[in-house]
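>>> Got a sequence here, can you model it:
(one chain, ligands or ions: 1)
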Amino acid sequence: MTTEPLIEVHDDAAALATAVAGELLARLADSQSAGRVPAVVLTGGSIADAVHAEVARLGTSGEVDWTRVALWWGDERFVAAGSDDRNAGQARAAFIDALGVPTEHVHEVASSDDVDSAEEAAERYAAALAEHAPEGFEVVMLGVGPDGHVASLFPGFDQLDEQGRAVVAVHDSPKPPPDRVTLTFPALAQTRSTWFLVSGEAKADAVARALSPTSTTPAETPASVPRGRVETTWFLDRPAASRL
Ligand SMILES: O=C(O)[C@H](O)[C@@H](O)[C@H](O)[C@H](O)COP(=O)(O)O
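I've put the predicted structure just below:
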C-alpha cells in the first residue's frame, strides 16, 4: 500500500519542530502500548537539530518509555567518532543521552575510528539492520536538501539505483563532508511512516518537485521516492511550502 502524501504546514521552523516532536512522542507511546519496541530512523541537519531539542524538552513527560525505543540513522557522515559532523553525535548531545535510551538500542553507523572505509561501515550497518530491525521501522524521518536529496541519496548518483543492498557508501558528496554512509531506497521503504522535515525558502523548489512526481524523476529529485507503508507526511514551514 502506498498512500498519497499528507502535507502539514506550520508557521515557521520552531512550530514545525514542536509539532514533529509531539507527533513522534505520541507515535512512540502508541507503538509501545501495542507491545512494540518502536524503531525510529533519525536524520541529520539543521531541522533535525530543532526537532531533537523539542524531543528533549517534551520527552520527559513519562508518555514514552525511552528504554523501549530503538534509534537508527538514515545516513551518517564517515568521519571520526568525536567529530562535530557526526549525525549520531548531534542527536546524542541533543536528546539521546538526556532521555536515557540504552546504548544497545542506539544503532550508530561505524566511524572512521572503528573501520577503514565507508564501504565497511555500510556492510556492518546492513548486518545490524538485518539482526535488530528485521521488521523495519515505525517512523523514518528525512530532511531534504535544496537539490532534492534525502539521507545521502543525491541527484544523479549511482546509489539511487541500488536495489539489493540496504546500506551503501557515498563518496564525493556535494554536501560536505564528502564520505558518507546511507540507507538505500529499499531500506527506507521498510517503514510504517515516512516523515519529511523541511524548513526554509531554499527548499521550496525541491518540495514542489517532490510532491509532483510526474514532473520529475527520482534521479533529479530523490525526495520524490520514499513512502511509508501506511503513511507519508511532509512537515513543512510556510517558506518551504511557498511553491506548492
Ligand atoms: O547528514 C545529512 O547531511 C543529512 O541527513 C541530510 O540528508 C540532511 O537531512 C539534509 O541535507 C537537510 O539538512 P538541513 O535540514 O540542514 O538543510
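>>> in stretch 223-233, what's buried?
223-229, 231-233 (16 or more other Cβ atoms under 10 Å). The way it works is simple: take the backbone N, C-alpha and C, and place the C-beta from them, glycine included.
>>> likewise stretch 3-18?
Along stretch 3-18, these residues count as buried under the neighbour rule (16+ other Cβ under 10 Å): 5, 10, 13, 16-18.
>>> Any idea what Phe235 is bridged to?
Phe235 forms beta bridges with Glu8, Leu197, as assigned by DSSP bridges.
>>> ditto for Val41
The bridge-partner assignment for Val41, based on DSSP bridges, gives Trp72, Val140.
>>> burial of it, as a residue count?
When neighbours are defined as other Cβ atoms under 10 Å, Val41 has 27 of them.
>>> Stretch 115-131 close to the ligand?
No: judged by Cβ under 6 Å from any ligand atom, stretch 115-131 stays clear of the ligand, getting no closer than 13.0 Å.
>>> send the alpha carbons of that stretch over as PDB?
Extracted as PDB, the C-alpha positions of stretch 115-131 are listed here (Å, rounded to 0.1, in the frame of the first residue of the first chain):
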ATOM      1  CA  VAL A 115      36.600   0.800  10.400                       C
ATOM      2  CA  ASP A 116      38.800   1.700   7.400                       C
ATOM      3  CA  SER A 117      36.200   2.600   4.800                       C
ATOM      4  CA  ALA A 118      32.700   3.900   4.300                       C
ATOM      5  CA  GLU A 119      32.100   0.600   2.500                       C
ATOM      6  CA  GLU A 120      33.000  -1.400   5.600                       C
ATOM      7  CA  ALA A 121      30.800   0.800   7.700                       C
ATOM      8  CA  ALA A 122      27.900   0.300   5.300                       C
ATOM      9  CA  GLU A 123      28.300  -3.500   5.400                       C
ATOM     10  CA  ARG A 124      28.300  -3.500   9.200                       C
ATOM     11  CA  TYR A 125      25.200  -1.300   9.300                       C
ATOM     12  CA  ALA A 126      23.400  -3.600   6.900                       C
ATOM     13  CA  ALA A 127      24.300  -6.600   9.200                       C
ATOM     14  CA  ALA A 128      23.000  -4.700  12.200                       C
ATOM     15  CA  LEU A 129      19.700  -3.900  10.500                       C
ATOM     16  CA  ALA A 130      19.200  -7.500   9.400                       C
ATOM     17  CA  GLU A 131      19.800  -8.600  13.000                       C
END
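>>> what separates it from the chain centre, distance-wise?
Here the centre of stretch 115-131 is set off from its chain's centre by 17 Å, with Cα atoms, centre = their mean, to the nearest Å.
>>> Give me the contact list for it.
With Cβ atoms under 8 Å, 6 or more residues apart in numbering as the test, stretch 115-131 has contacts from 72, 76, 78, 107, 109-111, 114, 165-171, 179-182, 187.
>>> mind redoing it with 7 Å?
78, 107, 109-110, 165-171, 179-181, 187 (Cβ atoms under 7 Å, 6 or more residues apart in numbering).
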